[in-house]
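Q: quick one: sequence plus predicted model below, questions after.
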Amino acid sequence: MANINLASEGGVVNSAPQSDAHEFDATKTRTQGQLVLRRFLRHRLAMVSFGVFVFLVLFAFVGPLIWTYDFEDVSSKAYQPMSGTHPLGTTQVGKDMLALLMRGTGYSLQIALIVAALATAIGVIFGALAGYLRGFVDTALMRLVDLLLIIPQIAVAAIVVKGFSGSWYVVALVLAAFAWMQIARITRGETLSLSQREFIEAARACGATTPRIIFKHLVPNMIGSITVNATLAIATAVLTEAALSFLGLGVQPPDTSLGVIVLENYGQFLNRPWLFWGPFIVLVSLSLAVNFIGDGLRDAFDPRQTKVRA
């Protein structure tokens, strides 16, 4: 018998074990978003880099609100050494280096985020249109991409930035104008593959318009590569802006950035190394952190990684 009851004076003993309310539910499934999040959280280098990135964001935007000195304050003596009052010393004109570094990091982050957002949006739209419509549209857009890729970005950016006074937002717009082509190429390749899938054919059969198919069906299925490329665009923008500013062709005073700070203090490399290494370490840390975050996102979105520990 499947269930045997034994009667006794003390009551009834049931030999059939009761199911535990907390027993593991083998039927429980995880959504794609949960799988991606679990993979990303297990990527140790990406998590450390994410912590570094969050720290730099707080350093750039919250730090100035609580720090004693303003980045424009020149009341201190020039070239003071590191101390409790000035942890990174002061510059040639008496500015507190820590306050200046906060301001420069903030500008570099703003430029990088604007470049990544604009480049990703433009690249995804152009790439998706080219891959889905094909034919003349695909040929015309890809030839435009090829033409822009052969233009020397640094030279054109320097000319345009100089012509518009070198404001930080002008630098961001110029860099974004030359950063979307690679994203467009990658998006086009994925769109060419996805446009032949059954769910796209079903959407066409239902009478869905081209914008609806692209933004409702294609783009959501490319969110992995879009996210990864956006993070890599941030790192590229940080380094490109720093290179332009170091050459004196990027952000111009009174605005500042990490590249500008390095330019102004690289001559103190031997005599007052903290003035050079401070902004340099922040610049390298920011770039590496964003790159490693991109690596973690790439691994997390990889559809071939299907084994997830409970």
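A: Perfect, I can see it now. Numbering: from 1, shown residues only.
Q: pLDDT score for F199?
A: At F199, the pLDDT value in this model is 88.
Q: now T236. Nearest residue, chain neighbours left out?
A: Once flanking residues are discounted, T236 sits nearest to A179: 6.7 Å by Cβ to Cβ, 6 or more residues apart in numbering. C-beta: built from backbone N, CA, C; applies to glycine.
Q: apologies, that question was intended for V160.
A: That would be V174: by Cβ to Cβ, 6+ apart, it lies 5.0 Å from V160.
Q: and the pLDDT for that neighbour?
A: Note for V174: predicted pLDDT of 88.
Q: tally up the residues packed near it, please.
A: 23 (other Cβ atoms under 10 Å).
Q: residues near T105, how many?
A: Burial of T105 is recorded as 27 neighbouring residues (other Cβ under 10 Å).
Q: spit out the contact partners of the residue nearest to V160.
A: Residues in contact with V174, defined by Cβ atoms under 8 Å, 6 or more residues apart in numbering, are V156, A157, V160, V161.
Q: repeat that for G131.
A: Taking Cβ under 8 Å, 6+ apart as the contact definition, G131 lies against D138, T187, R188, G189, E190, T191, L192, S195.
Q: name the helix or strand for the fifth one, please.
A: Element membership of E190, judged by DSSP states H and E, is helix 181-194.
Q: how close does the residue nearest to V160 sit to G250?
A: Distance, V174 to G250, using Cβ to Cβ, to the nearest Å: 9 Å.
Q: can you pull the residues that touch both of these two?
A: Contact with both V174 and G250 is made by residues A157, V161, according to Cβ under 8 Å, 6+ apart.
Q: one step back: so can I have CSV of the contacts of G131 showing neighbour count, pLDDT and distance to I293?
A: What follows is those, written out as CSV (neighbours: other Cβ atoms under 10 Å; pLDDT from 0 to 100; distance: Cβ to Cβ, whole Å):
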residue, neighbour count, pLDDT, distance to I293
D138, 18, 91, 32
T187, 27, 93, 20
R188, 23, 93, 25
G189, 14, 91, 23
E190, 20, 91, 21
T191, 25, 92, 25
L192, 15, 91, 28
S195, 19, 87, 30
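Q: distance to W168 added to those residues, as TSV?
A: Shown next, in TSV, are the contacts of G131 (distance: Cβ to Cβ, whole Å):
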residue	distance to W168
D138	36
T187	28
R188	31
G189	33
E190	33
T191	34
L192	37
S195	39
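Q: which two among these are spaced furthest apart?
A: Spanning the widest gap among the contacts of G131 are D138 and E190, at 13.8 Å by Cβ to Cβ.
Q: quick one: secondary structure of the residue nearest to V160?
A: Here V174 is recorded as helix under DSSP: H, G, I helix; E, B strand; the rest coil.
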